[in-house]
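Trainee: Just to be clear, the model below is a prediction. Sequence and coordinates:
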Amino acid sequence: MNQQVNLVTLGVEDLQVSRQFYGGGLGWTPLLDLDEIVFYQIGKGLALALFPLDALGADTGLPATAGTPFTLAQNLGSPADVDRAVQRARAAGATVLKEPQRAAFGGYHGYFADPDGHRWEVCHNPGWSVADDGTVTLTAVETPDTAG
């Protein structure tokens, strides 16, 4: 099996509410928007789908519940970009779980939850970069505790 992910599907309680949150609130443009599912391009070779919880449960054969035991994350160019992203999410109806602040890893980050409780981290990690081909490079960031 190849070491890759091409699609992340989030089960949502109300597809219309989620469409409004991601599209109208966060300003994302759908890649494909159908009555029963909506897709967004979120990276090179990576898409995010919003799919009703009951349909996701039926499709997988196991009941699906709202919320996630993991986070989705987005690395931004500066702490100011993080502040703007959290404010936009808040204005769109997100629940801010952690206000933007200096992070233990040396960067800057905050967390919010979408209308279904899916947790998003928005962060500025100066040790994170993505090449034109999509390859991620991650290096340690000097923190106040490790600075000479």
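Mentor: Sure, I can see it. Just so it is clear, the structure is predicted and the values come from calculations on it, not from any experiment.
Trainee: name the helices or strands packed onto the longest helix belonging to the chain?
Mentor: For the chain, the helix with the greatest residue count under DSSP state H is helix 79-91. Secondary-structure packing of helix 79-91 (3 or more C-beta pairs under 8 Å, 6 or more residues apart in numbering; DSSP states H and E): strand 95-102, strand 108-113, strand 119-124. Backbone N, C-alpha and C define where each C-beta goes, glycine included.
Trainee: So for Asn75, what's the pLDDT?
Mentor: In this model, Asn75 is scored at 92, pLDDT.
Trainee: ok now do it, which residues does it touch?
Mentor: By C-beta atoms under 8 Å, 6 or more residues apart in numbering, Asn75 lies in contact with Cys123, His124, Asn125, Trp128, Val130.
Trainee: Now it. Nearest residue, chain neighbours left out?
Mentor: Trp128 (4.8 Å; C-beta to C-beta, 6 or more residues apart in numbering).
Trainee: wait, doesn't the one you found sit right on Val136?
Mentor: Yes - Trp128 is within contact range of Val136, at 7.0 Å (criterion: C-beta atoms under 8 Å).
Trainee: more neighbours, those two?
Mentor: Trp128 (17 against 9; other C-beta atoms under 10 Å).
Trainee: ok, what's across the strand from that one?
Mentor: Assessed by DSSP bridges, Trp128 has beta-bridge partners Leu138.
Trainee: just for this structure, where's the confidence low?
Mentor: For the chain, applying pLDDT under 70 flags the ranges 143-148.
Trainee: redo that, cut-off 90
Mentor: Applying pLDDT under 90 to the chain picks out residues 1-6, 43-45, 59-71, 104-106, 128-148.
Trainee: tell me which element the residue nearest to the spatial centre of the chain falls in.
Mentor: Central residue of the chain (C-alpha atoms, centre = their mean): Leu72, 3.9 Å from the mean position. Assigned by DSSP states H and E, Leu72 falls within strand 71-75.
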